[in-house]
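> Sequence first, predicted coordinates after that:
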Number of protein chains: 2
Amino acid sequence: MSDLMAEITKAMGFRHYALVHHVDLKPAVRSVHIVDYPQDWVERFQARRLYASDPIHRASHRTNVGFAWSAVQSIISLTAADRSILAEAYEAGLGDGFTVPAHIPGELNGSCSFAMAAGEMLDHRQLPFVQLVGSFAFEAARKISRIHAPQSECPSLTERQAECVALVARGKTDWEISQILGIGQETVIQHVKDARDRYGVTKRTLLAIRALFEGQISFADVFGR
Amino acid sequence: MSDLMAEITKAMGFRHYALVHHVDLKPAVRSVHIVDYPQDWVERFQARRLYASDPIHRASHRTNVGFAWSAVQSIISLTAADRSILAEAYEAGLGDGFTVPAHIPGELNGSCSFAMAAGEMLDHRQLPFVQLVGSFAFEAARKISRIHAPQSECPSLTERQAECVALVARGKTDWEISQILGIGQETVIQHVKDARDRYGVTKRTLLAIRALFEGQISFADVFGR
DNA sequence: TGCGTTATCCCCAGTTCTGGGGAGATCATC
DNA sequence: GATGATCTCCCCAGAACTGGGGATAACGCA
């Protein structure tokens, strides 16, 4: 797989690639982690556990299609810390690049990135092609890397349960939910109990987050209006 | 947007398209719903609330790249009910098709599908191109559909606060967090209080969700490892 | 008709959170 | 040397949540 990636990367005019799930890099886990980045940068990245806060990763969580690193501030706003991370990466030899996000509900977020050497220019005309390659590369790596065990079917909620969970995620108390839905507080407590049971969690915080993660509710449901 | 989609659909040799978030279709909400499917099928789809159980939608939740409908059983196993849904769609005039999933963490699952008329054959050679078009079409629709409320500035958390919030998001109690971080429970309570204050929320559930939304923590922090 | 699912309601004991009020220590910065 | 930010710890009262145990009614499906 690495050989193939290296070949593709070179053929597309890039220097480096990274095909990764955004997690702390434990080789043991069933996650994708195929990287050819400057060694120096990889080490710093791991040491500082940037997988969660790296601006490129963060941006990739906000979109569905690939983006050039030089345009990252059109997706998220960069803090001073972000800028220094990007500058450091440049120092380490990473120039401009292109990252294709890869998200699947219930799985860890991932991405496939290709980068130029520092100083070289991206050829924007072929980015659509890179987008395509990135998507399929990630899917291929994903299929290989998971021996396909922990397929937890997304437990579905009943309509009432889903309504309650959506309101839980808005930070409403059981009593408030009962007023909104026009039912008794005890009923709400029961629905929330049942929903927790279905997801196999014991805290309403986790219930809300799981529902978000599974796509059962969206941030729009939480913050919308 | 509909005109453009119709044109593209025709140019690629398809008859129908659907650019949708997988939700019950509330016109009011900030969700994507641009469809040109046989009217008959659209009505049945809505009446039976298939958006959650439709096999094509279900399959699209399991992958990152597009797939031909005729190959759906290579992604999920079809039940008798699934087969009858597919047969019904065919009756209604939908032939083979190609669906490109569109997932973004924390947002509703969506997809962009193109379909032939019943009886016509897919041209498999151009599916990579369809994949590309589908991805970008969804992203474009998504960007348009939310006029995107003004970026509220992100109040940043201190390191300790962020650590506590990450653990709150994992459903830990204050006592458990104190054990994990090796500090007193009262201290944890204080950090969580302070974090709630910064975000201006009163519930730890909202605290966790806001932190997720702001990118202060990621789903990887919650489910990772 | 019986069985499962869903939605509705009730009670209770124990745990956890929330919102107030404190305080001392360190560190950088001005 | 004062000021602010951060981290650490403490107390308390009331509200909210969790995990048990119940119950009734409606609906569809076999």
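Yep, that arrived. Residues are numbered from 1 along each chain as shown, chains lettered A, B, ... in the order given.
> At which residues are the strands of chain A located?
A:16-21, A:33-36, A:67-68, A:94-102, A:110-117 (DSSP state E).
> Ranked by average pLDDT, which of the ones you listed falls at the bottom?
Mean pLDDT per stretch puts strand A:33-36 lowest among the strands of chain A, at a mean of 87.
> helices and strands around that one, which ones?
Helices and strands touching strand A:33-36, by 3 or more CB pairs under 8 Å, 6 or more residues apart in numbering or on different chains; DSSP states H and E, are helix A:2-11, strand A:16-21. The C-beta positions use only the backbone N, C-alpha and C, and glycine is treated the same way.
> low-confidence ranges in chain A?
A:1, A:23-31, A:47-49, A:51-52, A:106, A:146-155, A:215, A:220, A:224-225 (pLDDT under 70).
> Specify the helix with the largest residue count in chain A.
helix A:127-145 (DSSP state H).
> That helix packs against which elements?
Using 3+ CB pairs under 8 Å, 6+ apart, the elements in contact with helix A:127-145 are helix A:2-11, strand A:16-21, strand A:94-102, strand A:110-117, helix B:127-145.
> Not counting the last one itself, show me its contacts.
Think helix B:127-145. A:63-65, A:128, A:131-132, A:135, B:1, B:5, B:8, B:12, B:19, B:30-32, B:34, B:65-66, B:68, B:98-100, B:102, B:104, B:107, B:110-114 (CB atoms under 8 Å, 6 or more residues apart in numbering or on different chains).
> for the fourth one, same thing?
The contact list for strand A:110-117, computed with CB under 8 Å, 6+ apart, reads A:9, A:12-22, A:31-32, A:37, A:56-57, A:60, A:69, A:93-103, A:122, A:130, A:133-135, A:137-138, A:142.
> That strand: partners in the sheet, and parallel or antiparallel?
strand A:16-21 (antiparallel), strand A:94-102 (antiparallel) (DSSP bridges).
> chain center to the longest one: distance?
Taking the mean of its C-alpha atoms, strand A:94-102 sits 14 Å from the chain's own mean (CA atoms, centre = their mean, to the nearest Å).
> so what's the residue of chain A most remote from its centre up against?
Largest separation from the mean C-alpha position in chain A: A:Gly184, at 38.1 Å (CA atoms, centre = their mean). Remark: with contacts taken as CB under 8 Å, 6+ apart, A:Gly184 is in contact with A:Ser178.
> thinking again about what came up before, are any of the contacts of strand A:110-117 buried, and which?
Burial by neighbour count, judged by 16 or more other CB atoms under 10 Å in any protein chain shown, picks out A:9, A:12, A:14-22, A:31-32, A:37, A:56-57, A:60, A:69, A:93-103, A:122, A:130, A:133-135, A:137-138, A:142 from those.
> Can you narrow the residues you listed down to the ones near DNA strand C?
By CB under 7 Å from any atom of the strand, no member of the buried ones among the contacts of strand A:110-117 lies near DNA strand C.
> Indicate which one of the helices and strands packed on strand A:33-36 is closest to DNA strand D.
For the helices and strands packed on strand A:33-36, distance to DNA strand D was read as CB to the nearest atom of the strand. The smallest value, 28.4 Å, belongs to strand A:16-21.
> what residues does that closest one touch?
For strand A:16-21, using CB under 8 Å, 6+ apart, the contacting residues are A:5-6, A:8-9, A:31-38, A:51, A:94, A:97, A:108-117, A:137-138, A:141, B:220.
> Quick one: buried ones out of those residues?
The buried subset of those (16+ other CB under 10 Å) comprises A:5, A:8-9, A:31-38, A:51, A:94, A:97, A:108-116, A:137-138, A:141, B:220.
> Contact partners for the nearest residue to A:Val192 once chain neighbours are set aside?
What sits nearest to A:Val192 in space, not counting adjacent residues and going by CB to CB, 6 or more residues apart in numbering or on different chains, is A:Cys164, at 5.4 Å. Applying CB under 8 Å, 6+ apart, we find A:Cys164 in contact with A:177, A:181, A:188, A:191-192, A:195.
> And the helices and strands packed on helix A:127-145: which comes nearest B:Ile75?
With CB to CB as the measure, helix B:127-145 is the member of these nearest B:Ile75 (14.8 Å).
> angle of that closest one against strand B:16-21?
Calculated by axes from the mean of the first three to the mean of the last three CA atoms, to 10 degrees, helix B:127-145 forms an angle of 50 degrees with strand B:16-21.
> Compute the inter-axis angle for helix B:127-145 and helix B:2-11.
180 degrees.
> quick one, domains of chain A?
A:2-145, A:159-223 (automatic domain parsing).
> now the end-to-end length of the first one.
Start and end residues of domain A:2-145 are separated by 13 Å (CA to CA, to the nearest Å).
> Tell me if that domain is near DNA strand D.
No. Legend: contact between domain A:2-145 and DNA strand D by CB under 7 Å from any atom of the strand is lacking; minimum distance shown is 13.1 Å.
> Distance from that domain to the middle of the chain?
12 Å.
> now do the shortest one
Domain A:159-223 sits 24 Å away from the centroid of its parent chain (CA atoms, centre = their mean).
> first to last residue in it, what's the distance?
One end of domain A:159-223 to the other measures 20 Å (CA to CA).
> Show me what A:Ala102 is bridged to.
A:Gly110.
> Run a quick check on it versus B:Asn64, I expect a contact.
Yes. Using CB atoms under 8 Å, A:Ala102 is in contact with B:Asn64, at 5.0 Å.
> What is the burial count for A:Ala11?
9 (other CB atoms under 10 Å in any protein chain shown).
> Centre-most residue in chain A?
In chain A, the centroid-proximal residue (CA atoms, centre = their mean) is A:Asn109; its distance is 2.9 Å.
> Over to that residue: give its phi and psi.
For A:Asn109, the backbone dihedrals (degrees, to the nearest 10) come out as phi -70, psi 150.
> Can you name the residues that contact it?
Neighbouring residues of A:Asn109 by CB under 8 Å, 6+ apart: A:21-22, A:57, A:60-61, A:101-103, B:105, B:218-220.
> repeat that with 10 Å
Applying CB atoms under 10 Å, 6 or more residues apart in numbering or on different chains, we find A:Asn109 in contact with A:20-23, A:51-52, A:57, A:60-61, A:101-103, B:103-105, B:218-220.
> wait, what's in contact with the nearest residue to it once chain neighbours are set aside?
Spatial nearest neighbour of A:Asn109, chain neighbours left out: A:His22 (4.8 Å); criterion: CB to CB, 6+ apart. A:His22 is in contact with A:31-32, A:50-52, A:54, A:57-58, A:60-61, A:101-103, A:108-111, B:105, B:218-221, B:224, counting by CB under 10 Å, 6+ apart.
> next one: A:Ser178
Neighbours of A:Ser178 in contact, by CB under 10 Å, 6+ apart: A:164, A:167, A:172, A:184-189, A:191.
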